[in-house]
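**Student:** Just the structure for this:
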Amino acid sequence: MTHDDFAYPYRDNPPFAQRRPLQWSPLKIVLTVLLCGGGFLMLCGGGCGAIIFFGMNLLAKEIELELRDNPVLVEHIGQVQSFKIDWMASLAHPEADVWVFNVRGPKGSGQVTAESITMPDGNERVTWATLRLPSGETIELIER
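**Tutor:** Here you go, the predicted structure:
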C-alpha cells in the first residue's frame, strides 16, 4: 500500500458518487400528500377518540361505584361480579345522560339503566336507576 491508499482509500468507489435527481411525478406527489394528511387525521382523531373513551369509562366507573352496593341490586343479583357498560344500548337510548350496564352476580344477571348528572364538584350522581332481569321484570333501584 502506498501513502495515497491511506489518504484516499475509496479512490475506486467514491462515497459521493453521481446520483440522478429524484423524479416526482404528479401521482407520487398526490399519494404523498394523501398519506401524510391521512396519517395526521388518524393521529388527531385517534387522540380525541382516546380522550372520549377514557372519559366515558371514568363516568361509567363512578356510576358503578354508586350502584354496586345498592341493597335492591344485591338482593336480586348478589354481590356484583361484573358491571360493564353496554355502549350500543347507551348510545341508542332516547334520553340524554342515560347509561345502560350489563350486570352479573352469583344470584343472576340483568341490565341496569341509570341516569346521571354531573355535580358542581365534577362527580357523577345517579338520579334514577332500574334493573331489568332476564325474565323482563323491571325493578326500581333509585326512584325518579
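
**Student:** Looking at the helix ranked longest in the chain now, give me its mean pLDDT.
**Tutor:** Assignment by DSSP state H gives helix 26-67 as the longest helix of the chain. Averaged across helix 26-67, the pLDDT comes to 83.

**Student:** next helix or strand past that helix?
**Tutor:** Proceeding N to C from helix 26-67, the next assigned helix or strand is helix 71-77, under DSSP states H and E.

**Student:** tell me which residues in that following helix are buried?
**Tutor:** If you call a residue buried by 16 or more other CB atoms under 10 Å, then helix 71-77 has these buried ones: Leu73, His76, Ile77. (Glycine included, C-beta is placed from N, CA and C.)

**Student:** Equivalent analysis for stretch 61-73, please.
**Tutor:** With burial defined by 16+ other CB under 10 Å, the residues of stretch 61-73 counted as buried are Glu62, Ile63, Glu64, Glu66, Leu67, Asn70, Leu73.

**Student:** ok, now stretch 126-142?
**Tutor:** For stretch 126-142, a neighbour-count test (16+ other CB under 10 Å) marks Val126, Ala129, Thr130, Leu131, Leu141, Ile142 as buried.

**Student:** what's the pLDDT at the second one?
**Tutor:** The model reports Ala129 with a pLDDT of 94.

**Student:** what's the longest strand anywhere in the chain in contact with?
**Tutor:** As assigned by DSSP state E, the longest strand anywhere in the chain is strand 108-118. Strand 108-118 is contacted from outside by 59, 62-63, 67, 73, 76-78, 83, 86, 89, 93, 95, 97-103, 124-134, 141-142, using CB atoms under 8 Å, 6 or more residues apart in numbering.

**Student:** quick one: average confidence on it?
**Tutor:** 92.

**Student:** next one: that strand to chain centre, how far?
**Tutor:** Here strand 108-118 is found 20 Å from its chain centre; the criterion is CA atoms, centre = their mean, to the nearest Å.
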